[in-house]
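Student: sequence? don't have it. structure:
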Ligand SMILES: NC(=O)c1ccc[n+]([C@@H]2O[C@H](COP(=O)([O-])OP(=O)(O)OC[C@H]3O[C@@H](n4cnc5c(N)ncnc54)[C@H](OP(=O)(O)O)[C@@H]3O)[C@@H](O)[C@H]2O)c1
């Protein structure tokens, strides 16, 4: 029922990855991501799934979007293959949209009921690691966020990362989910 996008982007250029990698390593950001998503259902693109160590994230159900129906997951009990974003239209409970850029853009541009209700927007202020590969940015998603969402929290700073919550304008948002997210982002992780 509640859809939440979670990302960490680089300030200025909105880069979230270079090639398959995230070009920074911020331990508290990983811990915050784990606390937000532990025990939950996450949807990711095939490239992001491939980038996870051992193609898994412990204690989470992973829904992988791929156009290859025969795609084999690493854990058939907890990982599920989907070819259509529409599979998530009536998703019960919370669904965390966790990238990469293609998947954020698909959900952010889809309108209700696929467009996230809440965005957990983390902004990394430091230098990007000098990796080789294609730079992947989510500028179109940020433009949509700034137009169609309102910021409902202060910026919480930790290890050079500012995190805030944004909510889709004019929509009801589950207050328990909001409270849970505020609790997690407002304390040091
Ligand atoms: N900083 C962050 O918060 C963050 C978070 C997550 C990821 N990332 C980074 O983002 C980068 C990956 O992003 P990306 O955009 O290249 O890849 P991605 O979004 O992870 O995955 C793209 C894949 O999704 C599948 N797909 C695309 N459209 C689809 C559709 N309409 N229906 C079903 N499946 C579809 C395709 O898989 P097939 O080719 O198998 O068909 C496509 O190759 C990496 O650098 C990663 O580290 C950063």
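Tutor: Now that the structure is in, tell me what you want to look at. Owing to the predicted nature of the structure, the values given are computational and were not obtained by experimental measurement.
Student: before we move on, what SS does the residue in the chain sticking out farthest from the centre have?
Tutor: When distances to the mean C-alpha position of the chain are computed (CA atoms, centre = their mean), the maximum falls on residue 70, with 25.0 Å. Applying DSSP: H, G, I helix; E, B strand; the rest coil to residue 70 yields a three-state assignment of coil.
Student: Roughly how far does residue 97 sit from residue 145?
Tutor: Taking CB to CB, to the nearest Å as the criterion, residue 97 is separated from residue 145 by 12 Å. Placement of C-beta: from N, CA and C, glycine included.
Student: more crowded one of these two?
Tutor: The residue with the greater number of neighbours, taking residue 97 and residue 145 and applying other CB atoms under 10 Å, is residue 97; the counts read 25 against 21.
Student: in terms of contact, does the more buried one touch residue 3 like I think?
Tutor: Yes: between residue 97 and residue 3 there is a contact at 6.2 Å, judged by CB atoms under 8 Å.
Student: list the residues that contact both of the two?
Tutor: With contacts defined as CB atoms under 8 Å, 6 or more residues apart in numbering, the residues shared by residue 97 and residue 3 are 107, 116.
Student: The protein: strands as residue ranges?
Tutor: Along the chain, the stretches classed as strands by DSSP state E are 2-10, 15-18, 41-45, 61-65, 79-82, 94-97, 118-124, 135-137, 149-151, 156-158, 161-168.
Student: The fourth one pairs with which strands, parallel or anti?
Tutor: Take DSSP bridges as the rule and strand 61-65 pairs in its sheet with strand 41-45 (parallel), strand 79-82 (parallel).
Student: Which one, of the ones you listed, ends up nearest to residue 163?
Tutor: Between residue 163 and the strands paired with strand 61-65, the tightest spacing by CB to CB is seen for strand 41-45, at 17.9 Å.
Student: Distance of residue 65 relative to the ligand?
Tutor: Using CB to the nearest ligand atom, to the nearest Å, one gets 4 Å for the distance from residue 65 to the ligand.
Student: Tell me which residues touch that residue, please.
Tutor: Contacts for residue 65 were tallied using CB under 8 Å, 6+ apart; they are 43, 44, 45, 46, 82, 83, 85, 103, 106.
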